[in-house]
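**Student:** here is my input; please provide its structure:
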Amino acid sequence: MQFITGNLIAIIVVALLLLKSFVVIQQGMMGVVTVFGKYRRVLSPGLNFTIPFIEVVFKKISTQNRSVEMEFQAVTFDQANVYFKSMLLYSVMNGEEEVIKRVAFKFIDERSLMQALVRTIEGTIRAFVATKRQAEVLGLRNEIVEHVKAEIDNRLEEWGYHLQDLQINDITFDEAIIKSMAQVVASNNLKAAAENEGQALLITKTKAAEAEGNAIKIAAQAEREAAQMRGQGVALFREEVARGMQNAAREMQQANLDTSVIMFSMWTEAVKNFAEYGKGNIIFLDGSPDGMDKVMKQMMGMNKMMDKR
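**Tutor:** You can find the predicted model right below:
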C-alpha cells in the first residue's frame, strides 16, 4: 500500500512538473524568459517548453499596435496658449530578439514607458510650436506630425518601439483669441463682400453707361437718317411742285393766258389751307389793295424767275 501511494505521489509530481514545463504564448505576444533573474531567451507565440522552477517567464510583451490619447498645452512665439488633443499609435518594432530585449528591460513597467513616451512627444511639439505664431499653427497639422516623427523615431528605436501614427484631432486657443480670430474672419468676409459688391456695382454702371451710349448712338443715327430722308422728301416735293408749276405755266402761255393767275390760285389755296388746318392759330394777312398788289408783284417775280429757267 505504501508502495502504491509513493508511486502515485511520484506520478503526480512528474505530471505537475510536465504541466509546469509547458507555457502558452498568445498570438501577438512574445515571452521573455530569465534564469535566476538573468535574460535567457525569447518565446514565440504558441506552445513552448521551459525548465520548471529554473526558467521563468519574466514578461509577456505585446507586438500589437497600441494607442494613447494626449491632451496638453503649448505656447506660440507670440505668447498665445494653444491646446492640443491628439492620438498616438505605436508598436514594438518587430519580433527580433534584440528588440524584445530592449522593450523588456528599458523600462521598469508599462506606466514608466507611457510617461516617457507622452512627455517626449509633448516636449517635441511644444518646442516646434514655440517657433511659430498663433496665426500659423492651425495650418501646420501635417508639419507638426512630420516634425515629431523625424525627432522621435530614433529615440523610440532605442527603446524598441516605432511610432506608427500621430493624429492631431483638435487645436484650440483661449476664448479671447478665438473671439478675436472670429472677428478677423468676419471683417475679412465683410471686406470681401464690399469689394465684390463694388465690383458688381461698377460692372452694372459700366454696362448701363455702355447701353445708354449705344442707345444714344442708335437714336442719333436714326435721327440723322430720318432728317436725311425728310430733306430728300422736301427736295423731291419741291422738284415736283416746280415741275408742275412749269407745266402749268407752259399750258397757260400756249392758251394766251396770264401766268400770274397760277400764282394767284396757289395763294388762295394756301390761305384756304391756313383756315382749314390752323387749329385755332392766328395768321395775319395784309388784305389791303397795297398788300395784295405787293403779293402779286412778288408772285409775278417768282414766275419770271421760273420762266428763265
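
**Student:** state the distance from Thr204 to Leu190.
**Tutor:** Thr204 sits 21 Å away from Leu190, going by C-beta to C-beta, to the nearest Å. Placement of C-beta: from N, CA and C, glycine included.

**Student:** sorry, slip of the keys, the one I care about is Gly123.
**Tutor:** Taking C-beta to C-beta, one finds Gly123 at 41 Å from Leu190.

**Student:** looking at the two now, which is surrounded by more residues?
**Tutor:** Gly123 (14 against 10; other C-beta atoms under 10 Å).

**Student:** C-terminal to the host helix or strand of Ile152, what's the next element?
**Tutor:** Ile152 is part of helix 141-159, with elements assigned from DSSP states H and E. Heading C-terminal from helix 141-159, the first helix or strand you meet, by DSSP H and E, is strand 161-173.

**Student:** in the stretch 151-300 of the chain, which spans are helices?
**Tutor:** Using DSSP state H, counting those that start in this stretch, the helices found in the stretch 151-300 of the chain span residues 175-254, 260-277, 289-308.

**Student:** could you tell me the least trusted of the ones you listed?
**Tutor:** Here those differ in mean pLDDT, and the lowest is helix 289-308 at a mean of 63.

**Student:** look up the closest residue to Asp78, ignoring the ones flanking it.
**Tutor:** Spatially, and ignoring its direct neighbours in sequence, Asp78 is nearest to Arg133 (4.9 Å; C-beta to C-beta, 6 or more residues apart in numbering).

**Student:** next, count neighbours for that neighbour.
**Tutor:** 12.

**Student:** the one 5 residues further on too?
**Tutor:** A count of nearby residues for Leu138, using other C-beta under 10 Å, gives 12.

**Student:** for Leu140, see how far away the nearest residue to it once chain neighbours are set aside is.
**Tutor:** Excluding the flanking residues, the one nearest Leu138 by C-beta to C-beta, 6+ apart is Ile171, at 6.0 Å. In this view, Ile171 and Leu140 are 9 Å apart by C-beta to C-beta.
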